[in-house]
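**Q** I would like the atomic coordinates for the input below:
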Amino acid sequence: MNETDHTRETTPQDAQAQAGEVDAQESSLSPLEEEGEIAADYIEELLDTADIDGDIDIEVRDGRTYVSVVAEDDDAELQALVGRDGETVDALQELARLAVLSATQRRSRLILDVAGHRDERASQLHTMADDAVARVRADGQPVHLPPLSAYERKIVHDAVAEAGLTSESEGDGADRHIVISAGA
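**A** Coordinates of the predicted model:
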C-alpha cells in the first residue's frame, strides 16, 4: 500500500474483509513495511477524527520507514499538524512510533512528514551546515550550531562529512548540539 485515500467509505463487511486481508498482507511484509502500515493506519485515524483531508504515502529507504501526509490541493489544513518549528509533527511522529511499538513490541525509527515540512527543514539544515563549513574554512575556528534533534543532527553530520570536515555532538538533552571543526 503506497497511498491511502481518506474520503472512502467502509461498510462493516468491508472492514471485516479488509482486516483479514491486512493480517495476510502483514505476514508477508518486511518489518519496516509493517511499521509503515501501522503508522499509516494510526495517522489515518487521526486525520479522520480531526476531519482533515490528506493522502498517506509510505516509503522504505536507507533502513528507515518514511510516512508522509500530503494534500491533493491546499495543504493549509495540514499546516496545523506541522505546528510551530515542527513541534506538532515531532509529537505526532512520537505517537506513531508508540503505535508501532504497541503493535509490534519493536522500537521504530520511522520518520513522519506532513506537508513537506521535513524536506524543507532538511534544506534549511544543509544551508546551515554549508554556512558553518564556510566559516570554519575561512578562519579555522570551530563553529557551534544551535541545539538540534537527533534526526536533524544526523542530516548536518552527513552534510559536514560530505564537505570533508569533522563534526561531533556535544551537550545533553535539549542542549545537544553540533560542533564543526577542520578536523585532525
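**Q** Buried by neighbour count: which residues of stretch 122-141 qualify?
**A** By 16 or more other Cβ atoms under 10 Å, the buried positions in stretch 122-141 come out as 122, 125, 128-129, 132-133, 136. The way it works is simple: take the backbone N, C-alpha and C, and place the C-beta from them, glycine included.
**Q** and the longest helix seen in the chain, how far out from the chain's middle?
**A** Criterion DSSP state H: the longest helix present in the chain is helix 117-139. Taking the mean of its C-alpha atoms, helix 117-139 sits 19 Å from the chain's own mean (Cα atoms, centre = their mean, to the nearest Å).
**Q** Show me what the host helix or strand of Glu44 is packed against.
**A** In this assignment (DSSP states H and E), Glu44 forms part of helix 31-50. On a contact count with 3 or more Cβ pairs under 8 Å, 6 or more residues apart in numbering; DSSP states H and E, helix 31-50 meets helix 12-28, strand 55-61, strand 64-70, helix 87-104.
**Q** Point to the residue nearest the middle of the protein.
**A** For the chain, Ile111 is the residue whose C-alpha lies nearest the centre (Cα atoms, centre = their mean; 2.4 Å).
**Q** now that one, nearest residue through space, not along the chain?
**A** Tyr66 (5.0 Å; Cβ to Cβ, 6 or more residues apart in numbering).
**Q** Can you read off the pLDDT for the one you found?
**A** For Tyr66, the model assigns a pLDDT of 95.
**Q** And Pro31, by the same measure?
**A** 94.
**Q** And it, how far from Leu98?
**A** To Leu98, Pro31 is 17 Å away according to Cβ to Cβ, to the nearest Å.
**Q** now Ala40
**A** When Ala40 is compared with Leu98 (using Cβ to Cβ), they lie 15 Å apart.
**Q** neighbour count winner among the two?
**A** More crowded of Ala40 and Leu98, by other Cβ atoms under 10 Å: Ala40, with 25 against 14.
**Q** ok, for the more buried one, nearest residue in space, not its chain neighbours?
**A** Ile56 is the one closest to Ala40 (Cβ to Cβ, 6+ apart), at 4.7 Å.
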